[in-house]
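A.B. asks: Predicted model follows, preceded by the sequence.
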Amino acid sequence: MSLMKRISLIFRAKADKALDRAEDPRETLDYSYKRQLELLTKVRRGVADVATSRKRVELQAAQLQQQSDKLTEQAQKALSMGREDLAREALTRKSALTGQMSDLQAQHAQLQGEEEKLTLASQRLQAKVESFRTQKETIKAKYTAAEAQTRINEAFSGISEEMGDVGMAVQRAEDKTAQMQARAGAIDELIASGALDDASSINRGDDISRELEAMSSQSDVESELAALKAGTNGGAGQQALEAGDTTPPATQVGEARKEGEPS
Amino acid sequence: MIVRILAEGQWEVGEDRLDGLNRLDDALEAAVEAGDRETFSQSLDALLAAVRAEGTPVPDDSLVASDLVLPPADATLDEVRELLGDDGLIPG
């Protein structure tokens, strides 16, 4: 038997089994309608949950972007101070972040896709539930239990199939979101551990910032020392000029840091 | 003939299209049996694209049962195998 037919049969059998039929088919109508409304609530909650996850991923991506920009800035500073090793370290950290960021982008796209799918599923289900309600009222008003049986079969199989489909879509979205939340949790931990600095810790500074800062003060000391030497020893004049050359970038670094600080 | 693509909706497809769909279905089935992931996702895409292109969407408020049910577009080979197995995929 073809794959389509096998899937169809299995799916229909399960959807049909999910319907608890009462002795009086008119009671089954009411019961099924109640279940439909529950499912509608569930799928709407599903949409909200996926949206929450999507927003969390957006927030994390923004934090990582901020951190990445900061590392670029640090690499530039380090290079301007002739510390290629430090610049390399900053860029290495940045490249680790790039991997995380593209992972987050992929997650974001997936969550957005799930959100759209569930939103459409909820609209479809809503339209079908409304249509079922109308038919249900007509059937209850017009027919005896025996007559109702034949009338409701089509409506029943139509709605139960939709419910099976939507139930499955909600389940899949939940599974996917749960997987992503585990990964999002790992990134939150990484940010919290200080392995990546988040925006709030810029003031505290990380090891690269501290080293750059130490270098600035070190170079201030050196230039002052050189100036002192120049005063006592004529031969040290040239050296003082060279040492003086390193001062302006150091000053710029100091200014850039102040500008970079959040108010 | 009514065809449902899971997580997407239902389409009304003319009976005269069935042969074409069956050929695409055979390719998909072969891929599932062979466990060939790449061919699987290509055949699934082709089958679903044919349904969407050749069918007319069934209105949202219509309550009709489908003659054929197809896996969701993003289904993996494992999920389709699970769908064919007996692992209560439909909650409730």
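C.D. replies: Received it, and whenever you're ready, just let me know what you need.
A.B. asks: Show me what the lowest-mean-pLDDT helix or strand in chain B packs onto, helices and strands only.
C.D. replies: Every helix and strand of chain B was ranked by mean pLDDT, DSSP states H and E. The lowest is helix B:77-84, at a mean of 86. With contacts taken as 3 or more CB pairs under 8 Å, 6 or more residues apart in numbering or on different chains; DSSP states H and E, helix B:77-84 sits against helix A:3-18, helix B:18-34, helix B:37-54. Placement of C-beta: from N, CA and C, glycine included.
A.B. asks: swap the cut-off to 6 Å and go again
C.D. replies: Taking 3 or more CB pairs under 6 Å, 6 or more residues apart in numbering or on different chains; DSSP states H and E as contact, there are no helices or strands that helix B:77-84 lies on.
A.B. asks: Report the secondary structure state of the residue positioned nearest the centre of chain A.
C.D. replies: Centroid-nearest residue in chain A: residue A:57, 1.6 Å away (criterion: CA atoms, centre = their mean). Put simply, residue A:57 is helix when judged by DSSP: H, G, I helix; E, B strand; the rest coil.
A.B. asks: pretty sure it contacts residue A:108?
C.D. replies: Yes - using CB atoms under 6 Å, residue A:57 is in contact with residue A:108, at 4.9 Å.
A.B. asks: what about residue A:185, distance to residue A:60?
C.D. replies: Residue A:185 is 10 Å from residue A:60, where distance means CB to CB, to the nearest Å.
A.B. asks: doesn't residue A:226 fall inside a strand?
C.D. replies: No - counting by three-state DSSP, residue A:226 is located in no strand; its state is helix.
A.B. asks: Counting neighbours, what do you get for it?
C.D. replies: A count of neighbours around residue A:226, defined by other CB atoms under 10 Å in any protein chain shown, yields 21.
A.B. asks: Likewise for residue A:164?
C.D. replies: Neighbours of residue A:164 (other CB under 10 Å): 26.
A.B. asks: quick one on the thing from earlier: can you pull the contacts of the residue nearest to the centre of chain A?
C.D. replies: Counting by CB atoms under 6 Å, 6 or more residues apart in numbering or on different chains, residue A:57 makes contact with A:104, A:107-108.
A.B. asks: Any idea what the residue nearest the centre of chain B is bridged to?
C.D. replies: Centroid-nearest residue in chain B: residue B:70, 2.0 Å away (criterion: CA atoms, centre = their mean). Beta-bridge partners recorded for residue B:70 (DSSP bridges): residue B:5.
A.B. asks: what angle sits between the host helix or strand of residue A:161 and helix B:77-84?
C.D. replies: Per DSSP states H and E, residue A:161 falls inside helix A:145-193. Interaxial angle, helix A:145-193 versus helix B:77-84 (axes from the mean of the first three to the mean of the last three CA atoms, to 10 degrees): 150 degrees.
A.B. asks: what's the first-to-last distance across stretch B:29-38?
C.D. replies: Counting by CA to CA, to the nearest Å, you get 13 Å between the two ends of stretch B:29-38.
A.B. asks: Counting neighbours around each, name which of residue A:185 and residue A:60 comes out higher.
C.D. replies: Set residue A:185 next to residue A:60 and count neighbours by other CB under 10 Å: residue A:60 wins out with 22 against 11.
A.B. asks: Please name the nearest non-neighbouring residue to that one.
C.D. replies: Leaving aside its chain neighbours, residue A:60 sits nearest to residue A:187 (5.4 Å; criterion: CB to CB, 6 or more residues apart in numbering or on different chains).
A.B. asks: What separation do you get for that neighbour and residue A:65?
C.D. replies: Per CB to CB, residue A:187 is found 13 Å from residue A:65.
A.B. asks: Looking at these two, which has the bigger crowd around it?
C.D. replies: Each of residue A:187 and residue A:65 has its neighbours counted (other CB under 10 Å); residue A:187 has more, 20 against 14.
A.B. asks: Residue A:36 contacts residue A:129, doesn't it?
C.D. replies: Yes - using CB under 6 Å, residue A:36 is in contact with residue A:129, at 4.6 Å.
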